[in-house]
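Trainee: give the three-dimensional model of this entry:
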Amino acid sequence: MTDSNINTNKKGNFSADYDIDSKRHFRVEAGQNNESGTISYRVLTNHGSSNGFYKKGKVENHIITATGTSAEYLGQNIERPRENAQEAFLPAKLVHCQNGDVMFDVVEGDFIVKADNIILKAKGPRETNDGDIRIEANKAIRMDADDVRIDCESLSIMAMDKFSIQAKCFGGIIAGTLHLVSQSDFGASKQLETYQELKKLLQMKRGT
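Mentor: Residues are numbered from 1 along each chain as shown. Reported below is the predicted structural model:
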């Protein structure tokens, strides 16, 4: 069944305000208005899933709704030998956003990313207060790796309760000028100008 709301203008030409093409298992429609905007094209299934384009102002938005799982299986025929970590970029899935933000909002579930290598890069300029990578967790943040390196100009670690730095084999703190301050000292500080002086204090504490 096909239905169109048809108007006739003064010249006798026909124009449709909306289109509906109903089948037994799906429906195609356009021209209607809803909370997403004016429907340019939308396919609806009998079970509540849809794929449509909606015009809102000067832009046209694409919205997909699935009552179950949305899955993509890509790149089966892409040839990519694993020779080194600096090989060419061969995307099986590429998403390019010229303007706007990207958000993944998982209400009840986990967000899992698996890959040979994972690269996070914040390229925003400092002049606009951009270029940050921020990670927040309600419980804990855990990193497990054979080697963890942090290279920066300034490093600040603040623990509101307690902190612990442990090494089973060897540990060292090296600085041009090192301040170790205990709050019980009421602001008193002890300067250790060389690593050898710090090593002697650690040995005395251990009783060696």
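Trainee: which parts of this protein are helices?
Mentor: Counting by DSSP state H, the chain has helices at residues 195-206.
Trainee: which stretches of it have low pLDDT?
Mentor: Where the chain drops to pLDDT under 70, the residues are 1-16, 82-87, 183-202, 204-208.
Trainee: what ranges does it have for its strands?
Mentor: Along the chain, counting by DSSP state E, strands occupy 2-8, 14-22, 26-30, 33-34, 37-45, 50-56, 59-65, 178-181, 189-192.
Trainee: make JSON lines from those strands and add mean neighbour count to it.
Mentor: Heads up, the C-betas are built off the backbone N, CA and C, glycines and all. What follows is these, written out as JSON lines (neighbours: other C-beta atoms under 10 Å):
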{"stretch": "strand 2-8", "mean neighbour count": "11"}
{"stretch": "strand 14-22", "mean neighbour count": "13"}
{"stretch": "strand 26-30", "mean neighbour count": "16"}
{"stretch": "strand 33-34", "mean neighbour count": "10"}
{"stretch": "strand 37-45", "mean neighbour count": "16"}
{"stretch": "strand 50-56", "mean neighbour count": "16"}
{"stretch": "strand 59-65", "mean neighbour count": "11"}
{"stretch": "strand 178-181", "mean neighbour count": "12"}
{"stretch": "strand 189-192", "mean neighbour count": "12"}
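Trainee: dump those strands into TSV; add distance to Pro81 as well.
Mentor: Converted to TSV, the strands of the chain look like this (distance: least, C-beta to C-beta, whole Å):
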stretch	distance to Pro81
strand 2-8	53
strand 14-22	48
strand 26-30	43
strand 33-34	49
strand 37-45	40
strand 50-56	37
strand 59-65	34
strand 178-181	49
strand 189-192	52
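Trainee: residues contacting the nearest residue to Arg27 once chain neighbours are set aside?
Mentor: Of all residues not flanking Arg27 in the chain, Leu44 sits nearest, at 4.8 Å (C-beta to C-beta, 6 or more residues apart in numbering). Shown in contact with Leu44 (C-beta atoms under 8 Å, 6 or more residues apart in numbering): 26-29, 50.
Trainee: now Val43: closest residue in space that isn't a chain neighbour?
Mentor: Asn51 (5.1 Å).
Trainee: do the same with Leu90
Mentor: Once flanking residues are discounted, Leu90 sits nearest to Arg80: 5.2 Å by C-beta to C-beta, 6+ apart.
Trainee: just to revisit the earlier point, closest to Ile141 out of the strands of the chain?
Mentor: In terms of C-beta to C-beta, the element of these nearest to Ile141 is strand 178-181, at 26.2 Å.
Trainee: all good on my end, thank you.
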